[in-house]
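Q: Based on what follows, work out the 3D shape:
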Amino acid sequence: MTEQSSQKVYLFNCDETYNLDIVERFLLEVDEKHGLDISTEKFNFRLNSMAELCENTIPRLQIDVATFVVHAHESRLSINEENAGIGYAKIYKALLEATG
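A: Okay, the predicted model is just below:
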């Protein structure tokens, strides 16, 4: 049996859109079932503080996996398009860079 390293999972929630306790419980159940050694940390933030989060907080974190909850009231989310640089694309790109 190989030894597994712990996995740090960060849960990001903009404007408390969703109850992250549900996601956290799910991850802990997966951890218990599969022995993944998962630890979680939740970040609730306001939309107006997203730039600070992306520029200063996320780059300092050791992130293995990230879950990001967004408002779904938009006609489309262009978070992974090459030219996207506004809205939620900023946090998507910061998390993508932090997780490799």
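
Q: Would you mind confirming that residue 91 makes contact with residue 10?
A: No. Counting by C-beta atoms under 8 Å, residue 91 does not reach residue 10; the two are 11.3 Å apart. Every C-beta, even on glycine, is put in place using the N, C-alpha and C of the backbone.

Q: Strands along this protein, start to end?
A: 7-14, 38-45, 65-69 (DSSP state E).

Q: Save these as CSV, and put in mean neighbour count, distance to residue 26 and mean pLDDT too.
A: Formatted as CSV, those follow (neighbours: other C-beta atoms under 10 Å; distance: least, C-beta to C-beta, whole Å; pLDDT from 0 to 100):
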stretch, mean neighbour count, distance to residue 26, mean pLDDT
strand 7-14, 20, 11, 91
strand 38-45, 15, 10, 91
strand 65-69, 17, 10, 88
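
Q: Which helix in the chain has the most residues?
A: helix 20-34 (DSSP state H).

Q: got the contact list for that one?
A: 9, 11, 13, 36-38, 40, 42, 44, 67, 69 (C-beta atoms under 8 Å, 6 or more residues apart in numbering).

Q: Swap in 7 Å and give it another go.
A: Helix 20-34 is contacted by residues 9, 11, 13, 36-38, 40, 42, 67 when judged by C-beta atoms under 7 Å, 6 or more residues apart in numbering.

Q: average pLDDT for that helix?
A: Averaging pLDDT along helix 20-34 gives 91.

Q: and that helix, C-alpha only, in PDB?
A: Provided in PDB are the C-alpha atoms of helix 20-34 (Å, rounded to 0.1, in the frame of the first residue of the first chain):
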ATOM      1  CA  LEU A  20     -20.400  25.400   1.600                       C
ATOM      2  CA  ASP A  21     -21.000  23.100   4.600                       C
ATOM      3  CA  ILE A  22     -22.800  20.700   2.200                       C
ATOM      4  CA  VAL A  23     -19.700  20.600   0.000                       C
ATOM      5  CA  GLU A  24     -17.400  20.200   3.000                       C
ATOM      6  CA  ARG A  25     -19.500  17.300   4.400                       C
ATOM      7  CA  PHE A  26     -19.400  15.600   1.000                       C
ATOM      8  CA  LEU A  27     -15.600  15.900   0.800                       C
ATOM      9  CA  LEU A  28     -15.200  14.500   4.300                       C
ATOM     10  CA  GLU A  29     -17.400  11.500   3.400                       C
ATOM     11  CA  VAL A  30     -15.200  10.900   0.300                       C
ATOM     12  CA  ASP A  31     -12.200  11.200   2.500                       C
ATOM     13  CA  GLU A  32     -13.500   8.700   5.000                       C
ATOM     14  CA  LYS A  33     -14.600   6.200   2.300                       C
ATOM     15  CA  HIS A  34     -11.300   6.400   0.300                       C
END
